[in-house]
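Asker: my questions are about this predicted structure, shown below with the sequence.
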Amino acid sequence: MLVMQDVRPCVTMLMKLAGGTKRHVEWLDAEQFLNQARAYKEGLDQSMTDRFYRFMATRTTTHPFPVERARALDEWVTGPEYNNILAGSYPAAGPMMKTNSCPTCKQTAEQGTKFCSGCGTPLVTH
Ligand SMILES: [Zn+2]
């Protein structure tokens, strides 16, 4: 989404996942799929039975339903976080990050880690 900056190909990809076959793709409409995704969320918020079935259907899967992923994507691109990232406002990683070094083996440890990955010595976190 950040690379393409266009929600349509992302939603189309999720539609293909939901449809399971390339044959029906030309029949599908990204805007309709998004409308279904929004309606799906509203329905779930209201119905306890739907929540139960959703829980049972997704408890053995590694990812949420494609329709839920489309809805989450839709919410994200219309929210402030996406626009902040595009405007260049996001947490920096890498050289800007403060690092600690292990007092025992002097190995560099990333900020926030509690133990040295080299020797296991507890690190003082400030
Ligand atoms: Zn160490």
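Answerer: Perfect, I can see it now.
Asker: pull the helix or strand with minimum mean pLDDT from this structure.
Answerer: Within the chain, no helix or strand scores below helix 48-58, which has a mean of 68 by mean pLDDT, DSSP states H and E.
Asker: what's the following helix or strand after that helix?
Answerer: Downstream of helix 48-58, the next assigned helix or strand under DSSP states H and E is helix 66-78.
Asker: list, one by one, the residues from this protein near the ion.
Answerer: When proximity is defined by Cβ under 5 Å from the ion, the chain lies next to the ion at C102, T104, C105, Q107, C116, G118, C119, T121. Using the backbone N, CA and C atoms, a C-beta is placed for each residue, glycine as well.
Asker: of those residues, buried ones?
Answerer: Buried residues within the residues of the chain next to the ion, defined by neighbour count using 16 or more other Cβ atoms under 10 Å: C102, C116.
Asker: helix or strand for R8, which one?
Answerer: helix 7-19.
Asker: which neighbouring elements make contact with that helix?
Answerer: Secondary-structure packing of helix 7-19 (3 or more Cβ pairs under 8 Å, 6 or more residues apart in numbering; DSSP states H and E): helix 30-46, helix 66-78.
Asker: do I have it right that P122 meets F115?
Answerer: Yes: the pair formed by P122 and F115 meets the contact definition of Cβ atoms under 8 Å, at 5.7 Å.
Asker: how is this structure carved up into domains?
Answerer: What automatic domain parsing lists as the domains of the chain is 7-86, 92-126.
Asker: got the angle for the helix holding R8 vs helix 66-78?
Answerer: Put simply, helix 7-19 runs at 170 degrees to helix 66-78, going by axes from the mean of the first three to the mean of the last three Cα atoms, to 10 degrees.
Asker: so what touches helix 7-19?
Answerer: 1, 4, 22, 25, 28, 30, 33-34, 65-67, 69-70, 73-74, 77 (Cβ atoms under 8 Å, 6 or more residues apart in numbering).
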